[in-house]
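[1] please work out how this folds:
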Amino acid sequence: MITEDAKKVVLDALKKASEEWKAAFNSGDAAGCASQYESDAVMAAKPFGTFKGTEEIKAFWQKLIDDGFTDVEYINPQIEVIDETSAVLSSGWKMNKAEGIITKELWVLQSDGSAKLRIDEFEAQG
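    Residues are numbered from 1 along each chain as shown. Below you'll find the predicted structure:
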């Protein structure tokens, strides 16, 4: 059973990292987006494909930024703490030119106390 203190540590790290990711995307910083992922993370972005590792993930976000996508917002995010080191976020999302759902963002605590994405699964629906 996870303690409330441990749960708070995971939640706080996830929320901080998620906000940093959104701020990087909205300011056109693909490298900043990619820095929120573990080096061997896997991102499944329907219908675009699957991207492995921070270089492929960075290239994906750079293309979206170059294509004029911005203003990402999460809609009714739900967070489930799995254990002392990880939690899953799911949410609706919208941008200036698209919307969709996040089915699974697996955030994992790192040795420095920050959280990074290990798995990112989402779908664009418009």
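
[2] for this structure, longest helix please?
    helix 4-26 (DSSP state H).

[3] give the contact list for residue 105.
    Residues in contact with residue 105 (C-beta atoms under 8 Å, 6 or more residues apart in numbering) are 18, 88-90, 117, 119-122. Any C-beta I mention is one placed from the backbone N, CA and C, and that applies to glycine too.

[4] can you rerun that using 6 Å?
    Contacts for residue 105 were tallied using C-beta atoms under 6 Å, 6 or more residues apart in numbering; they are 89, 117, 120.

[5] quick check: closest non-adjacent residue to the last one.
    Taking C-beta to C-beta, 6 or more residues apart in numbering, and ignoring the residues beside it in sequence, residue 120 has residue 43 as its nearest neighbour in space, at 4.2 Å.

[6] got it, and residue 67?
    Spatially, and ignoring its direct neighbours in sequence, residue 67 is nearest to residue 97 (7.9 Å; C-beta to C-beta, 6+ apart).

[7] on the three-state scheme, that neighbour is what?
    For residue 97, the secondary-structure state derived from DSSP: H, G, I helix; E, B strand; the rest coil is coil.

[8] quick check: phi and psi on it?
    Geometry field for residue 97 lists phi and psi as phi -130, psi 10, criterion degrees, to the nearest 10.

[9] equivalent analysis for residue 68, please.
    Residue 68 adopts backbone torsions of phi 90, psi 10, taken as degrees, to the nearest 10.

[10] report pLDDT for the nearest residue to it once chain neighbours are set aside.
    Leaving aside its chain neighbours, residue 68 sits nearest to residue 97 (6.6 Å; criterion: C-beta to C-beta, 6+ apart). Note for residue 97: predicted pLDDT of 94.
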